[in-house]
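>>> no FASTA, just this:
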């Protein structure tokens with residue numbers, strides 16, 4: 001994943017992979033965008049030529065990172081979490097713990113689906129709730 005760096009110019013966002021600055025490749029549909037709905041991108045390919053570029057990227061929301069990103073480390077005293085050990089999100093500790101539990105429940109549902117491909121996890125259980133949560137995130 002990629003995170004938009006704080007203090008990026010209004011002209012062109014500056015992105016980081018946690019180690020180095022990266023740019024969106026000019027062949028990407030996101031290259032010409034100046035404003036993004038959320039400050040996080042996921043990508044398929046990262047290449048280094050004159051700079052480090054990412055291609056095949058899409059914007060992801062904080063909820064999506066909390067649900068599908070790397071491990072969540074809750075920093076109770078700081079009022080934030082680290083996703084995948086380097087992406088900071090300002091989230092109340094209670095909310096972060098709820099997302100961790102939601103992830104465990106989703107993982108169990110997906111394991112159930114793998115064991116029983118005919119089982120229906122789409123119309124009942126936690127999946128519809130997660131879909132609604134992601135749909136409603138920007139309304140909060």
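Structure's in. What do you need? Predicted model, so just to flag it, every value in this text is computed and none were measured. Numbering: from 1, shown residues only.
>>> From now on I want contacts and neighbour counts done on CA atoms only, so please keep to that.
OK.
>>> Show me what secondary structure element comes after the helix or strand of the chain with the lowest mean pLDDT.
Within the chain, no helix or strand scores below strand 2-4, which has a mean of 64 by mean pLDDT, DSSP states H and E. Next helix or strand after strand 2-4 toward the C-terminus (DSSP states H and E): strand 15-16.
>>> What residue in the protein is the furthest from its centre?
residue 118 (29.0 Å; C-alpha atoms, centre = their mean).
>>> quick one: it is in a helix?
No - read with DSSP: H, G, I helix; E, B strand; the rest coil, residue 118 is coil and lies in no helix.
>>> remind me which residues of this structure are low pLDDT?
Applying pLDDT under 70 to the chain flags residues 1-11, 140.
>>> now with 50?
Applying pLDDT under 50 to the chain flags residues 7-9.
>>> give me the element the most centrally placed residue in it is part of.
The residue lying closest to the centre of the chain (C-alpha atoms, centre = their mean) is residue 65, at 2.7 Å. Using DSSP H and E, residue 65 maps to helix 62-68.
>>> Likewise for residue 42?
strand 40-48.
>>> Give the next helix or strand downstream of the helix holding residue 65.
Once the chain leaves helix 62-68, the next helix or strand it forms, by DSSP H and E, is strand 72-75.
>>> Run through the residues that contact the residue nearest to the centre of the chain.
residue 83 (C-alpha atoms under 8 Å, 6 or more residues apart in numbering).
>>> Let me know the distance separating it from residue 27.
Residue 65 is 25 Å from residue 27, where distance means C-alpha to C-alpha, to the nearest Å.
>>> got it, and residue 114?
According to C-alpha to C-alpha, residue 114 and residue 27 sit 36 Å apart.
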